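J.: When you get a sec, could you give me coordinates for this:
(chains A and B)
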Amino acid sequence: MRWKRFWLMLAPSLAALAVLAAGMAQGAVPASFAVSGRQMKVSATTLSGRGVGIVPGVVRSIDGRPHVVLHLSLRTARVYGLCQSAEVDTPLGPFTVRLGARDREKPSQVGRLGISATSLNADVDLGSVVLNRDAGMLGGGNVPEGERGDYGVEVLTFSARNVAADAWMVMGGSFLVDGLSVEIGRDVRPCF
Amino acid sequence: MLLSVRRLLARSRDAAAAWTGRRPFWAGGLLIASGAEIALIPVIGTGVIIHTGVGGYAGFLLGFFLAAMGAGLWFAPEQRFVLAVLSVMAALSAFVLSNLGGFLVGSLLAIGGASLGFAWMPREPR
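T.: Reported below is the predicted structural model:
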């Protein structure tokens, strides 16, 4: 072992990591997330988008239990005040993980956003709505494949305020968050 | 009978010690662990089978890459400088591209392992 070499490698690497982390905190570096899973809370102060589809569906957890959800998908969306929080069981007890945009004035850009929610609350303003459209026929392949014959909702433009959803899964094809803040701890406040 | 079993155990322990002594064992082990952590964190500890986006694929690719670098340290220790530098790059990419590098743990393990590998020297023959 040459311990001098060890520090020679470790110090600049950790410095680079710190620079990346600081850049992310200030929004200079976009972060990409694939976290998902247990029931979590998603909220936003404003959410506007184009190309919306809602179909019923089922997600299955690893223990095999099915959960009936609404698959909500947005082709493109701008999100202000994005927040996501979930409870995590750790050996040290339950912790709350919270991801959010720090600056409520800067929008996050999301492409192909999909939310599988059990409940969704919002003040909405919809443009060009088709209720009870056949779920298998929504929007030219951009929204999730509903079962033919199921209830479906299609909306062309959409803007919502004070969005709060209990979700099983949030997928973003692309997620550009300006000024991401990540918190984990026992006393971190959930989103709502 | 018992004696020979004990002797066999002692011999295999010696063989293992010789094997770990000839290579940057802990460095490679840390890298493999970090790769596994980064690749698996979207799957484990979540509860629901998930669809992952770019972050999921990046996690798998970078995780496998880091694990491969760890195996490389074990089986081609003479390449340790190149492998260590590549591992650090992958660890930093994973931090940006995949769940903050497995929530920081994976990236830190990988950087630690890469530094250990970088510092490792073969024992002088006596």
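
J.: Now do the SS call for B:Val82.
T.: helix (DSSP: H, G, I helix; E, B strand; the rest coil).

J.: Please parse chain A into its domains.
T.: A:1-30, A:33-185 (automatic domain parsing).

J.: ranking the ones you listed by mean pLDDT, which is last?
T.: Comparing mean pLDDT across the domains of chain A, the lowest value falls on domain A:33-185: a mean of 69.

J.: Quick check, A:Ala165 in contact with A:Leu120.
T.: Yes: under the criterion of C-beta atoms under 8 Å, A:Ala165 makes contact with A:Leu120 at 4.5 Å. For the C-beta atoms, the positions are set from N, CA and C on the backbone; glycine is no exception.

J.: of the two, who's got more company?
T.: A count of neighbours by other C-beta atoms under 10 Å in any protein chain shown puts A:Ala165 above the other of A:Ala165 and A:Leu120, at 25 against 18.

J.: and the more buried one, bridged to which residues?
T.: On DSSP bridges, the residues paired with A:Ala165 through beta bridges are A:Val42, A:Leu120.

J.: Against B:Gly117, how distant is B:Thr20?
T.: 14 Å (C-beta to C-beta, to the nearest Å).

J.: Just the mean pLDDT for the helix or strand in which B:Gly102 is found, thanks.
T.: With secondary structure defined by DSSP states H and E, B:Gly102 is part of helix B:99-103. Across helix B:99-103, the average pLDDT comes to 69.

J.: ok, which stretches of chain A are helices?
T.: Counting by DSSP state H, chain A has helices at residues A:3-26.

J.: these two touch, right, A:Arg102 and A:Leu180?
T.: Yes: contact criterion C-beta under 8 Å: A:Arg102 and A:Leu180 qualify, at 7.2 Å.

J.: the helices in chain B, which residues?
T.: B:2-21, B:25-40, B:54-75, B:80-97, B:99-103, B:105-119.

J.: got the contact list for A:Phe158?
T.: A:Leu47, A:Ser48, A:Gly49, A:Arg50, A:Val52, A:Leu74, A:Val124, A:Asp125, A:Leu126, A:Gly127 (C-beta atoms under 8 Å, 6 or more residues apart in numbering or on different chains).

J.: With neighbour count and distance to B:Gly112 as added columns, please give these in TSV.
T.: Formatted as TSV, the contacts of A:Phe158 follow (neighbours: other C-beta atoms under 10 Å in any protein chain shown; distance: C-beta to C-beta, whole Å):
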residue	neighbour count	distance to B:Gly112
A:Leu47	28	41
A:Ser48	18	44
A:Gly49	20	42
A:Arg50	16	46
A:Val52	27	46
A:Leu74	25	41
A:Val124	16	49
A:Asp125	11	51
A:Leu126	14	52
A:Gly127	11	53
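
J.: Narrow those to those in strands?
T.: A:Leu47, A:Ser48, A:Gly49, A:Arg50, A:Val52, A:Leu74, A:Val124, A:Asp125, A:Leu126, A:Gly127 (DSSP state E).

J.: CSV for those residues, including distance to chain B?
T.: Listed next are those as CSV, based on distance: C-beta to the nearest C-beta, whole Å:
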residue, distance to chain B
A:Leu47, 18
A:Ser48, 21
A:Gly49, 17
A:Arg50, 19
A:Val52, 18
A:Leu74, 14
A:Val124, 25
A:Asp125, 28
A:Leu126, 26
A:Gly127, 27
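
J.: Which of those residues sits closest to A:Tyr80?
T.: Closest approach between the ones in strands among the contacts of A:Phe158 and A:Tyr80, by C-beta to C-beta: A:Leu47, at 7.6 Å.

J.: Is the closest one in contact with A:Val79, as I believe?
T.: Yes: using C-beta under 8 Å, A:Leu47 makes contact with A:Val79 at a distance of 5.2 Å.

J.: more crowded one of B:Thr20 and B:Gly117?
T.: Per other C-beta under 10 Å, whichever of B:Thr20 and B:Gly117 has more neighbours is B:Gly117, with 32 against 14.

J.: what's near enough to touch that one?
T.: B:Pro24, B:Ala27, B:Gly28, B:Leu31, B:Leu73, B:Arg80, B:Leu83, B:Ala84, B:Ser87 are the contacts of B:Gly117 under C-beta under 8 Å, 6+ apart.
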